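Turn this into a structure:
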Amino acid sequence: MSIEKRLTFIDMTEAKAVLGMKDEFLRTLQKEFPGCRIAARGNEVILTGPEPDVSQAAQVFSELRYLNRENTYITTQHVRYSADLIRQGQEELLHDIYSDTVSISASRPMWIAWSTTP
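This is a model prediction of the structure:
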């Protein structure tokens, strides 16, 4: 069963940030959800397709809007990673992951070691 969902951005500035330069993020999202038709018109996005795809794509747009409002420079990696976690049902991790920050002081060098083991 096909459904339609409309998302409205606050203004064109938000729409451009979330859709990406020349709609780069919109095209990335279309690749992530091939069953969902995504059309942008002004400050509105129309999602059409099967309910699970439309719902998940809308969640990705919501996450991108959140990142934009937090002044995060959005990349295609954010779009792909958000879509992947949402498809896996782990959307609650998104805000935690994106809110982790590392402060770096210009006065002293800082080494950060990342570990993949708990």
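
When you work out contacts or count neighbours from here on, use the C-alpha atoms and nothing else.
OK.

elements contacting the lengthiest helix in the chain?
If you go by DSSP state H, the chain has its longest helix at helix 51-69. Using 3 or more Cα pairs under 8 Å, 6 or more residues apart in numbering; DSSP states H and E as the contact test, the elements touching helix 51-69 are strand 2-8, helix 12-19, strand 44-50, helix 76-87.

same thing but at 7 Å, please
helix 12-19, helix 76-87 (3 or more Cα pairs under 7 Å, 6 or more residues apart in numbering; DSSP states H and E).

mind putting those in TSV, mean pLDDT included?
Formatted as TSV, the helices and strands packed on helix 51-69 follow (pLDDT from 0 to 100):
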stretch	mean pLDDT
helix 12-19	92
helix 76-87	91
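
Same list, these, but as a markdown table with distance to N43 and mean neighbour count please.
Output for the helices and strands packed on helix 51-69, formatted as a markdown table (distance: least, Cα to Cα, whole Å; neighbours: other Cα atoms under 10 Å):
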| stretch | distance to N43 | mean neighbour count |
| --- | --- | --- |
| helix 12-19 | 5 | 18 |
| helix 76-87 | 19 | 18 |
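
any chance of the ones you listed in CSV, plus distance to R27?
Listed next are these as CSV, based on distance: least, Cα to Cα, whole Å:
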stretch, distance to R27
helix 12-19, 8
helix 76-87, 10
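
what's the closest of those helices to M1?
helix 76-87 (18.9 Å; Cα to Cα).

Just the C-alpha atoms of that closest one, please, in CSV.
What follows is helix 76-87, C-alpha atoms only, in CSV (Å, rounded to 0.1, in the frame of the first residue of the first chain):
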residue,chain,number,x,y,z
THR,A,76,26.4,12.5,2.7
GLN,A,77,27.9,10.3,5.4
HIS,A,78,25.4,11.7,7.9
VAL,A,79,22.6,10.8,5.5
ARG,A,80,23.8,7.3,4.8
TYR,A,81,24.6,6.6,8.5
SER,A,82,21.3,7.9,9.7
ALA,A,83,19.4,5.9,7.1
ASP,A,84,21.3,2.7,8.1
LEU,A,85,20.6,3.1,11.8
ILE,A,86,17.0,3.9,11.3
ARG,A,87,16.5,0.8,9.1
